[in-house]
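1. Any chance you could fold what I've pasted below:
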Amino acid sequence: MNVLAAGLPRGTGPYRVVTSKALFGFDAESKRMVLLGVQRGCAADQVIRGMGFAPLVAEKVETLEPPTAEELAILRQEIDPGRIIIGRPGG
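-> Numbers count the residues shown, from 1 in each chain. Okay, the predicted model is just below:
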C-alpha cells in the first residue's frame, strides 16, 4: 500500500519505531534508522547485535523510562485489546 492510499501526506514515513528493547528514530537526510534509547538493562551494543542491519546511533543514547500505568492501559485496551502483540511471550 502506498502512503497516499493509507491517508498519509506525500513525503512522510515512519517517525519512530518502538521495540521491546529500544526506541529508534530516522535521520532526516539519509532516512536511516537511528538508535535513540534503550530499555533499562539493555545496552546499545546488545540491541544492535540482535538486529539484521547496523542502524545509526545517536550521540547520546538515552535510558528509557518504563511505561506509566496510563500508557500501559492505552496499549492494552485501545491499541492491542486482543493481545496479538502485547502480552504474548517476548512481546
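
2. Tell me the bridge partners for the residue nearest the centre of the chain.
-> What sits nearest the mean C-alpha location of the chain, by C-alpha atoms, centre = their mean, is Val18, with 1.5 Å. According to DSSP bridges, the partner residues bridging Val18 are Leu23.

3. quick one: it from Asp27, how far?
-> With the distance defined as C-beta to C-beta, to the nearest Å, Val18 ends up 17 Å from Asp27. For the C-beta atoms, the positions are set from N, CA and C on the backbone; glycine is no exception.

4. Give me the nearest residue to Arg76, chain neighbours excluded.
-> What sits nearest to Arg76 in space, not counting adjacent residues and going by C-beta to C-beta, 6 or more residues apart in numbering, is Ile86, at 6.0 Å.

5. who touches that neighbour in this structure?
-> Contact analysis of Ile86 by C-beta atoms under 8 Å, 6 or more residues apart in numbering lists 75-76, 79-80.

6. Using JSON lines, please lay out those together with neighbour count and distance to Glu59.
-> Listed next are the contacts of Ile86 as JSON lines, based on neighbours: other C-beta atoms under 10 Å; distance: C-beta to C-beta, whole Å:
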{"residue": "Leu75", "neighbour count": "15", "distance to Glu59": "29"}
{"residue": "Arg76", "neighbour count": "13", "distance to Glu59": "34"}
{"residue": "Ile79", "neighbour count": "10", "distance to Glu59": "31"}
{"residue": "Asp80", "neighbour count": "15", "distance to Glu59": "33"}
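
7. Direction included, what does the lengthiest strand in the chain pair up with?
-> With DSSP state E setting the assignment, residue counts place strand 56-64 as the longest strand in the chain. On the basis of DSSP bridges, the sheet neighbours of strand 56-64 come out as strand 33-39 (parallel).

8. Wait, a strand at the residue nearest to Arg76?
-> No. Following the definition DSSP: H, G, I helix; E, B strand; the rest coil, Ile86 is coil and is not counted among the residues of a strand.

9. mind checking the end-to-end distance for stretch 33-53?
-> Separation of the first and last residues of stretch 33-53 by C-alpha to C-alpha, to the nearest Å is 10 Å.

10. pLDDT averaged over that stretch - what is it?
-> Taken as a whole, stretch 33-53 has a mean pLDDT of 96.
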